[in-house]
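*Asks:* coordinates for the following, if possible.
(one chain, ligands or ions: 1)
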Amino acid sequence: MPQGIKSSETGVDLIAAAAIAEGQAREVETASGQYFLVRKDGQLHLYRNFCPHLGTPLNWEEHRFLDPDGEWIQCASHGALFRIEDGLCLAGPCIGKHLHAVPFQVVDGIVTIEPESDREISEQQPA
Ligand code: FES
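*Replies:* Model prediction:
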């Protein structure tokens with residue numbers, strides 16, 4: 001289990017919600033999967049760090065998931081562009097496919113996912 005990640009029967013704590021500033025992204029990793037969060041218009045979005053094109057991580061550099069203007073999630077491998085709000089790919093080789101959104105809660109300021117979501121994510125294949 002990566003440092004700082006807490007897991008229990010009720011939830012897997014990922015990161016403090018306040019750690020993701022407006023227009024920024026952060027990657028987090030559990031024992032079961034890699035994820036990233038993006039904040040846009042005050043809303044947090046959590047996705048699996050997994051490109052639906054080839055199933056590779058979206059980023060090459062730590063925490064770098066957005067295009068230079070911060071308007072899109074961009075895959076570093078072949079440049080696919082995904083809408084931040086729902087993960088829909090609108091340009092690139094996986095157009096029409098979605099990033100895998102992960103349901104989460106913010107509990108006492110901590111972004112938390114269900115243990116089942118964390119397990120499911122480790123078993124998925126590219127769309
Ligand atoms: S692996 Fe992401 S666009 Fe090809």
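
*Asks:* helix, strand or coil for Glu62?
*Replies:* Using DSSP: H, G, I helix; E, B strand; the rest coil, the structure places Glu62 in coil.

*Asks:* would you mind naming the residues that bridge with the closest residue to it other than its chain neighbours?
*Replies:* By the measure of Cβ to Cβ, 6 or more residues apart in numbering, the closest residue to Glu62 outside its immediate chain neighbours is Glu27, 6.7 Å from it. For glycine as for every other residue, the C-beta is placed from the backbone atoms N, C-alpha and C. Following DSSP bridges, Glu27 is listed with bridge partners Phe36.

*Asks:* show me what from this structure comes close to the ligand.
*Replies:* Applying Cβ under 6 Å from any ligand atom, we find that the chain lies next to the ligand at 51, 53-54, 56, 75, 77-78, 80, 92-94.

*Asks:* now with 5 Å, please.
*Replies:* Residues of the chain lying near the ligand by Cβ under 5 Å from any ligand atom: 51, 53-54, 56, 75, 77-78, 80.

*Asks:* about what we covered before: per-residue pLDDT of the residue nearest to Glu62, please?
*Replies:* At Glu27, the pLDDT value in this model is 97.

*Asks:* which residues does it contact?
*Replies:* If you count contacts by Cβ atoms under 8 Å, 6 or more residues apart in numbering, Glu27 has them with 34-36, 49, 59, 62-63, 65.
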